[in-house]
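**Student:** next come a sequence and a model predicted from it.
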Amino acid sequence: MKNKALGRIPINSPTKADLSETSGLSTQKIFFFLDTLPPSVEEIKFGSAAVKGRALPFLLRFLKRLQVARQEGREAPRLKAFTFGPNSIGPEELVKVLPLL
C-alpha cells in the first residue's frame, strides 16, 4: 500500500528472452541486447538470426563470457534453459554451441 500512496509501481525483472523471430535485427543489435540481459533471465530462445552464419561467432563469444562470469562469481544472467527455434541450429553450429552450454 505504501508504494501506491507514493505513486510507485513495482516492476518484475524479466525471466525469459525470446529471440526466435529477430530476422529484421542485425547481428550486432541482437548481441548488444544479450550483453545487457539482467541476472533475472533464466530462459532464452534463439532463432536462426542469432545462431547461423555471421551470428555464430557472436553467440559463441556470448556463451564463453557467460561461463567466465559464472566461474569468477560475477553478476550474469542465471540461464537454465536454452531453446532453439525450428531450423535455427544445424550440425555445424551444434558441435560448437553444445560444449558451452
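**Tutor:** Yes, it's here.
**Student:** what about the chain, any weak spots by pLDDT?
**Tutor:** 1-6 (pLDDT under 70).
**Student:** mind listing what R78 touches?
**Tutor:** Contacts were defined as C-beta atoms under 8 Å, 6 or more residues apart in numbering; by that measure R78 touches 39-42. From N, CA and C alone the C-beta is placed, and that goes for glycine too.
**Student:** buried subset of these, written for ChimeraX?
**Tutor:** Selecting only the buried entries of the contacts of R78 in ChimeraX, with 16 or more other C-beta atoms under 10 Å as the criterion:
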select :41
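**Student:** specify which member of the contacts of R78 is nearest to E92.
**Tutor:** Closest approach between these and E92, by C-beta to C-beta: V41, at 26.6 Å.
**Student:** the longest helix seen in the chain: which residues count as buried?
**Tutor:** Secondary structure of the chain per DSSP state H: the longest helix is helix 55-71. Neighbour-count burial for helix 55-71, counted by 16+ other C-beta under 10 Å, picks out 55-56, 58-59, 62-63, 66.
**Student:** can I get the contacts of R78 in CSV with secondary structure and distance to V95?
**Tutor:** Conversion of the contacts of R78 to CSV gives the following (DSSP: H, G, I helix; E, B strand; the rest coil; distance: C-beta to C-beta, whole Å):
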residue, secondary structure, distance to V95
P39, coil, 29
S40, coil, 31
V41, coil, 25
E42, coil, 25
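**Student:** from the contacts of R78, which is closest to F32?
**Tutor:** V41 (14.9 Å).
**Student:** any idea how far E42 is from R61?
**Tutor:** E42 is 21 Å from R61, where distance means C-beta to C-beta, to the nearest Å.
**Student:** you'd agree I44 is in a strand?
**Tutor:** Yes. The assignment for I44 (DSSP: H, G, I helix; E, B strand; the rest coil) places it in a strand.
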